[in-house]
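Participant: Sequence and predicted structure, then a few things I'm wondering about:
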Amino acid sequence: MDTLIAYYSFSGRTHYEAKRMAEKTGGELYEVREQKRRSLLSALVFGVSQARKRKHVYVEPFAVNMEEYDRVIIMCPVWGGYPAPAFNSIVAELVRGQEVQIVLTSDSGKAHDLNELKKRVELQGVRVTEVSVIKTEDLKKRDRMHEKRMREQTEKE
């Protein structure tokens, strides 16, 4: 089964997790970028509003053929409790019959109504197998612990 990891990252945390997911699954990594790069202020004011309204944004044309993948993992940050607007643009590119896994990243670890999100994505004619939220604060702790273990191991050698 060919897997694509299509992700949008504003701060870099989702990018980091998408890379880890690609290593874990053997999937092909693809970064979705908005046509116009947002400032932090634009993300906080306009981006959150767009996310809450489930708006699409203009993204750079997809450089991958979505029809070549049986499985798509969509990774995106949570803004104001909802997936960032680029998520909606990724969903619009899905191909009927694909298996989809949704992974959201959030500092708080919270997102609104994941069941509604799953149903909305399934309207594209895809099968959503999982919807999960990764708390990015936990990722930072995990990375610090890993670095500490690596230093300790190096010191023992």
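Facilitator: Yes, it's here. Keep in mind that what you see is a predicted model, and the values were worked out from it rather than measured.
Participant: The chain: helices as residue ranges?
Facilitator: 13-25, 40-42, 48-52, 85-91, 114-122, 136-156 (DSSP state H).
Participant: Minimum distance to residue 76: which of these has it?
Facilitator: Comparison of the helices of the chain against residue 76 by C-beta to C-beta identifies helix 85-91 as nearest, at 4.2 Å. Every residue, glycine included, has its C-beta placed from N, CA and C.
Participant: Output the lowest mean pLDDT helix or strand found in the protein.
Facilitator: Taking mean pLDDT, DSSP states H and E as the measure, the chain has helix 136-156 as its least confident helix or strand, at a mean of 73.
Participant: Nearest to residue 59, out of the helices of the chain?
Facilitator: Here helix 85-91 is closest among those (C-beta to C-beta), at 4.6 Å.
Participant: For the closest one, output the C-alpha coordinates as CSV.
Facilitator: Extracted in CSV, the C-alpha atoms of helix 85-91 (Å, rounded to 0.1, in the frame of the first residue of the first chain):
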residue,chain,number,x,y,z
PRO,A,85,-7.2,26.2,7.0
ALA,A,86,-4.6,24.3,4.8
PHE,A,87,-6.2,21.1,6.2
ASN,A,88,-9.4,21.8,4.2
SER,A,89,-7.4,22.4,1.1
ILE,A,90,-5.6,19.0,1.5
VAL,A,91,-9.0,17.3,2.1
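Participant: Any stretches of this protein with poor pLDDT?
Facilitator: The chain contains residues with pLDDT under 70 at 1, 109, 138-143, 146.
Participant: Spatially central residue for it, please.
Facilitator: Nearest residue to the geometric centre of the chain (C-alpha atoms, centre = their mean): residue 75, 1.4 Å.
Participant: Would you mind putting the helices of the chain into a markdown table with mean neighbour count and distance to residue 79 alongside?
Facilitator: Below are the helices of the chain laid out as a markdown table (neighbours: other C-beta atoms under 10 Å; distance: least, C-beta to C-beta, whole Å):
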| stretch | mean neighbour count | distance to residue 79 |
| --- | --- | --- |
| helix 13-25 | 17 | 11 |
| helix 40-42 | 10 | 11 |
| helix 48-52 | 18 | 4 |
| helix 85-91 | 25 | 8 |
| helix 114-122 | 14 | 13 |
| helix 136-156 | 11 | 13 |
